[in-house]
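Q: Structure of the sequence below:
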Amino acid sequence: MKIGIMGGTFDPIHIGHLILGESAWQQLGLDYVIYLPAGNPPHKQHREGRATDRQRMDMVQLATAENPHFIVSDFEMNEDGFTYTYRTLEHMRKEYPGAEIYFIIGADSLFDFDTWREPQKICDNCTLVVATRYHTSAEELDAAIRHCRKTYHASIVKLDTENIDCSSRMLREWISRGIICRTACWNIYGNTDCTGHLIADGGWNIMQEYDLESMSRKLSKYIDQNRWYHTQGVRFMSAALAMAHGADLKKAELAGLLHDCAKCISDSKKIKICDKNGIAITDVERNNPFLLHAKVGAYIARVKYGVTESDVLDAIRYHTTGRPGMTPLEQIVFIADYIEPRQVASSSGDPENGIS
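A: Okay, here's the model as predicted:
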């Protein structure tokens, strides 16, 4: 068995943490990734104004619940005194005898590794998996890896992952200022009156609330399993790109989730839906009807899933062909669909989708 360990305060957990865990799972062939919220880390004291241990655990559990190879452990929450990585890894060795343990850290943690408690014991009990962080120098990271290998005989793997410019500190600030309110409903970070999402021009873009998990379960009935995994990847990649570029995170996630909702409908039925519902078809699309899944998808997102925001529907409509003057949201979903690592072949299935 191969087990990945993702430690951190997760205050709050964010899309970068999830992308990091998923990338490690894919690239290293891990059986599971264990998310391990820190209980009382000695280097992060004076946590006034932050989430409680219970709230952090709840956030991590909610964020990872849909992923079958993510596990959440409260081991460090139950430790007395300061929590140290070497003790946690010794515990995991006993918990998973014979397993290969991979401890996932950011490059900034490797730069400070000499200051950790018992770095040699850490290296004796795991393979270090190092992920690059935004603005990390490749030369400095390689030098730190060479140092740890020479000093501690460490086994180190450098992870190839998306470089998301995001941090929990940044999110706490945005939430407190009302720029985003994904977790503000719990009143964890001081924002109690958040009714929308601040957009680039300084106005407020009020969006109706959607139950994305319910949508996701509904969608799974109408697309094959590989396509469903792909849509989840595009969903979270769209959210990550929105976060990195200051776009509306909720709209990006919604459009990413539904971008392929018509993908598994047969070509003949796509044409039928368009003809029956007045959706214009070009000669190129009629001769290549697989292209119609984006137009039909925008229609299905509106009538089947109740999406009313025109910019979200346009992001779905143009995610395959693009168009001149694409909006940032349209560009985000277009790119997320292209770079999402779990690409799948087109399906030839014909789920009814409840649409005619």
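Q: Figure out the helix or strand that P68 lives in.
A: Using DSSP states H and E, P68 sits in no helix or strand.
Q: Find me the pLDDT at it, would you?
A: Looking at P68, its pLDDT is 89.
Q: Could you do R235 as well?
A: Per-residue confidence (pLDDT) for R235: 93.
Q: so which strand or helix has it?
A: Taking DSSP H and E as the definition, one finds R235 inside helix 225-245.
Q: Show the subsequent helix or strand relative to that helix.
A: Using DSSP H and E, the helix or strand that follows helix 225-245 towards the C-terminus is helix 249-258.
Q: Tell me the first helix or strand C-terminal of that next one.
A: Following helix 249-258 toward the C-terminus (DSSP H and E): helix 267-276.
Q: Please give the number of neighbouring residues around Y102.
A: The number of residues packed near Y102 is 22, by other C-beta atoms under 10 Å. All C-beta spots, glycine's among them, are computed from the backbone N, C-alpha and C.
Q: gap between the two ends of stretch 58-69?
A: One end of stretch 58-69 sits 18 Å from the other (C-alpha to C-alpha, to the nearest Å).
Q: And that stretch, how far out from the chain middle?
A: Relative to its parent chain, stretch 58-69 has a centroid offset of 11 Å by C-alpha atoms, centre = their mean, to the nearest Å.
Q: Then stretch 90-102?
A: 27 Å.
Q: Wait, a strand at L128?
A: Yes: counting by DSSP: H, G, I helix; E, B strand; the rest coil, L128 is found in a strand.
Q: From Y102, how far out is the residue lying closest to it once chain neighbours are set aside?
A: Closest residue to L128 apart from its sequence neighbours, by C-beta to C-beta, 6 or more residues apart in numbering: I156 at 4.6 Å. Plainly put, I156 is 10 Å away from Y102 if you go by C-beta to C-beta, to the nearest Å.
Q: intersection of neighbour lists for those two?
A: Contact with both I156 and Y102 is made by residues T127, L128, V129, according to C-beta atoms under 8 Å, 6 or more residues apart in numbering.
Q: in the chain, which spans are strands?
A: 2-8, 32-37, 70-72, 100-106, 127-131, 156-159, 197-198, 204-205 (DSSP state E).
Q: need the contact list for Q26.
A: Per C-beta under 8 Å, 6+ apart, neighbours of Q26: P341.
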